[in-house]
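1. After the sequence you'll find the predicted model.
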Amino acid sequence: MPAKHDINKVGVESSDFPILCETCLGPNPYVRMSKQEFGSECKICNRPYTVFRWNPGNGARFKKTEICTTCSKIKGVCQTCLLDLEFGLPVQVRDAALGRKNQAPTSDINKQFYIQNLEKQMADSPDGMSFDSEVANKSGREMLKNLARTDPYYKRNRPHICSFFVKGECKRGGECPFRHEIPEENGMQKQNLVDRYYGRNDPVAKKILREQAESKGMKAPEDKTVTTLLFLGLPTCTEAEIRSSLAGACPWVKPTDVRSLTIVEASHCAFVNFTQRSMAERSAEALSAQSGIEVSGKRAKVVWGRSRPQKGKAAASAGASSSVAATAEASGSS
């Protein structure tokens with residue numbers, strides 16, 4: 001009987017060549033790299049790994065690998081930019097479009113044991129790759145192909161912005177190896193490598209998914225109290241089948257995240273009311289990327305619910321406030 005894996009014998013990882021995307025590698029076919037075995041700890045599994053460092057081309061900054069080859073193979077991402085190798089998109093966008101669920105644990109002990117098991121699977125795999133996710137759907141892949149760049153985006157290899165220039169204190173002038181530009185306040189400055197790897201709270205991914213949803217008419221309502229999504233064109237199905245389809249398309253949605261689910265058989269639709277607005281927005285973006293939701297073999301359309309009209313005292317108070325404002329405006333004009 002084989003012994004259990006011992007996390008104390010994980011050791012280190014050594015590799016002969018990094019796993020990089022075409023953008024990070026650069027346009028030079030004769031790029032020179034420096035190799036340092038056990039030069040740093042992987043940002044994901046915290047194991048010492050072989051660090052590669054190189055210059056992608058003229059006017060670019062030196063780049064290096066940030067994670068080990070094992071973590072790169074597990075997610076199918078570049079070791080430097082942590083973007084998907086096939087589409088060049090953030091992991092959060094890829095997983096949302098393909099309905100993949102992140103199965104990797106976050107605690108150190110479980111993480112090491114999980115990585116050991118996947119390393120064994122990759123050793124037995126013919127291509128040496130092993131994603132920690134489920135098989136993708138076709139509509140999601142088509143969306144990713146449309147979003148993917150056709151050519152490498154070498155602009156991403158530019159030097160970082162000079163922090164001294166931003167403060168007005170840089171004295172190196174043209175000899176400064178950093179860019180002398182004022183950064184744009186677009187919310188993209190704070191990006192965490194671990195969050196980008198696991199596909200969570202990635203500002204770039206959120207922007208891509210939001211723009212994709214708005215292009216398909218799935219813009220989130222201004223009223224933050226709206227937490228309902230409508231599934232239109234449903235076949236004859238049960239609540240359990242809809243919940244199962246939702247869990248497959250949006251694996252992060254837990255049963256407790258859905259406050260209520262109402263099926264209207266006469267209209268072939270269903271109202272899915274979420275407990276939190278953030279969960280409804282994330283699900284709407286993912287379902288729009290997947291061109292709807294498939295229930296019992298039929299793809300249904302997904303739209304946002306509408307705000308409820310004010311009733312009772314709320315409507316009366318709103319009417320009273322509007323009349324007071326009108327009276328004040330009239331007296332002011334007179």
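-> Nice, I can see it.
2. just the helices in this structure please.
-> For the chain, helices defined by DSSP state H occupy the ranges 22-25, 69-75, 91-98, 108-124, 138-147, 163-166, 193-198, 203-215, 239-249, 277-289, 312-333.
3. Measure how far the fifth one is from the centre of its chain, please.
-> The chain centroid and the centroid of helix 138-147 are separated by 15 Å under CA atoms, centre = their mean, to the nearest Å.
4. angle of that helix against helix 239-249?
-> Going by axes from the mean of the first three to the mean of the last three CA atoms, to 10 degrees, helix 138-147 is angled at 30 degrees with respect to helix 239-249.
5. May I see the buried residues of helix 138-147?
-> Within helix 138-147, the residues scored as buried using 16 or more other CB atoms under 10 Å are 139-141, 143-144, 147. For glycine as for every other residue, the C-beta is placed from the backbone atoms N, C-alpha and C.
6. picking that back up, quick one: the helices of the chain as JSON lines, columns for distance to N55 and mean pLDDT too.
-> Shown next, in JSON lines, are the helices of the chain (distance: least, CB to CB, whole Å; pLDDT from 0 to 100):
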{"stretch": "helix 22-25", "distance to N55": "11", "mean pLDDT": "93"}
{"stretch": "helix 69-75", "distance to N55": "21", "mean pLDDT": "88"}
{"stretch": "helix 91-98", "distance to N55": "26", "mean pLDDT": "88"}
{"stretch": "helix 108-124", "distance to N55": "30", "mean pLDDT": "71"}
{"stretch": "helix 138-147", "distance to N55": "29", "mean pLDDT": "81"}
{"stretch": "helix 163-166", "distance to N55": "21", "mean pLDDT": "89"}
{"stretch": "helix 193-198", "distance to N55": "21", "mean pLDDT": "88"}
{"stretch": "helix 203-215", "distance to N55": "24", "mean pLDDT": "88"}
{"stretch": "helix 239-249", "distance to N55": "43", "mean pLDDT": "90"}
{"stretch": "helix 277-289", "distance to N55": "36", "mean pLDDT": "90"}
{"stretch": "helix 312-333", "distance to N55": "63", "mean pLDDT": "44"}
